[in-house]
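Peer 1: please work out how this folds:
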Amino acid sequence: MYHCNEDEGSSCTPIKDTGYYFTNTGEVYYCVHDSEGLEATECTKQACVSGQYYYIEDAYYRCESSSTLVPVMSRYCSYNENVIVNFPLALTEEYPDKIKQAMEGIEKNNNSTAIVSRRGKNYLESVSGIFTNCTYNVEETKSTFDLVCVNNYVKVDEDTDDIKICSMEQLGYVECVENEENPEKCNVSGIELRYQLSFFAIAIAILIHVFISKTINYTSYAILLK
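Peer 2: Predicted coordinates:
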């Protein structure tokens, strides 16, 4: 793999350093270079979460199913939709001010971090947040978003005085509960999961009831025929 420097007339040279590289085709690779030159440089493609957004080098990208990052154009912009935007640790030298302030607040007030850890190998480790109001500037061919919250950020609801925490799964703030193992840390409430399980249980109960009713009706009909 080659590294091309746009500041030097797009001159390209073989990769000489171990690190992460963002290609002009929208792919991210982690390359390991043997400084002694005994082994060939090995590069592994990094995975992104399909449908989520990534902020790299002052621009927003959308992850496609092939783990390719494409610039956010107007067709990907929905003003009233909440989306997840990731800031890859390895490709972010300086976080936007609001993200940086939120990260400091999470560490100080919730004894936690804004980093989202994902299962599976080669996923880009990122600081993640919920954003909304995507706006595409045709003249500048650039997209912008408004920040809703950063992962694990905790705040007090002004209307109810309840403590809320930013949840990536729920795309916004949800009820916060105390962590029994770490009293200084607040976790996302399991109430949403309990509701989902309750609805699932109700659905199963309805299906069983319908099945039993049909079985009873069929049996009654068979008896009448006799």
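Peer 1: so which elements touch the longest strand seen in the chain?
Peer 2: In the chain, assigned by DSSP state E, the strand with the most residues is strand 126-137. Here strand 126-137 touches strand 83-88, helix 97-109, strand 115-116, strand 142-150, going by 3 or more CB pairs under 8 Å, 6 or more residues apart in numbering; DSSP states H and E. Every C-beta, even on glycine, is put in place using the N, C-alpha and C of the backbone.
Peer 1: and it with strand 142-150, angle?
Peer 2: Orientation check (axes from the mean of the first three to the mean of the last three CA atoms, to 10 degrees): strand 126-137 against strand 142-150 gives 140 degrees.
Peer 1: where does this structure dip in pLDDT?
Peer 2: 5-10, 182-184, 189-226 (pLDDT under 70).
Peer 1: domain map for it?
Peer 2: Recorded structural domains for the chain (assignment: automatic domain parsing) are 71-189, 190-226.
Peer 1: most neighbours per residue, which of these?
Peer 2: domain 71-189 (a mean of 16; mean count of other CB atoms under 10 Å).
Peer 1: need the residue closest to the centroid of this structure.
Peer 2: Nearest to the geometric centre of the chain sits residue 84, at 4.8 Å (CA atoms, centre = their mean).
Peer 1: ok, that residue - contacts?
Peer 2: 49, 52, 53, 128, 129, 130, 131, 168, 171 (CB atoms under 8 Å, 6 or more residues apart in numbering).
Peer 1: make it 10 Å
Peer 2: Counting by CB atoms under 10 Å, 6 or more residues apart in numbering, residue 84 makes contact with 49, 51-54, 63, 116, 126, 128-131, 151, 168-169, 171.
Peer 1: most widely separated two among those residues?
Peer 2: For those, with distances taken as CB to CB, the pair at the greatest spread is 54 and 169 (18.4 Å).
Peer 1: how close does residue 161 get to residue 175?
Peer 2: 12 Å (CB to CB, to the nearest Å).
Peer 1: over to residue 133?
Peer 2: For residue 133 relative to residue 175 (CB to CB), the value is 25 Å.
Peer 1: kindly report the same for residue 104.
Peer 2: Between residue 104 and residue 175 the distance, using CB to CB, works out to 24 Å.
Peer 1: next one: residue 110
Peer 2: In this view, residue 110 and residue 175 are 14 Å apart by CB to CB.
Peer 1: again, but for residue 81
Peer 2: 23 Å.
Peer 1: and the longest strand of the chain, how far out from the chain's middle?
Peer 2: Distance, stretch centre to chain centre, for strand 126-137: 11 Å (CA atoms, centre = their mean, to the nearest Å).
Peer 1: strands paired with it, and their directions?
Peer 2: Using DSSP bridges, strand 126-137 pairs in its sheet with strand 83-88 (antiparallel), strand 115-116 (antiparallel), strand 142-150 (antiparallel).
Peer 1: you'd agree residue 58 is up against residue 142?
Peer 2: Yes: assessed by CB atoms under 10 Å, residue 58 is found in contact with residue 142 at 8.9 Å.
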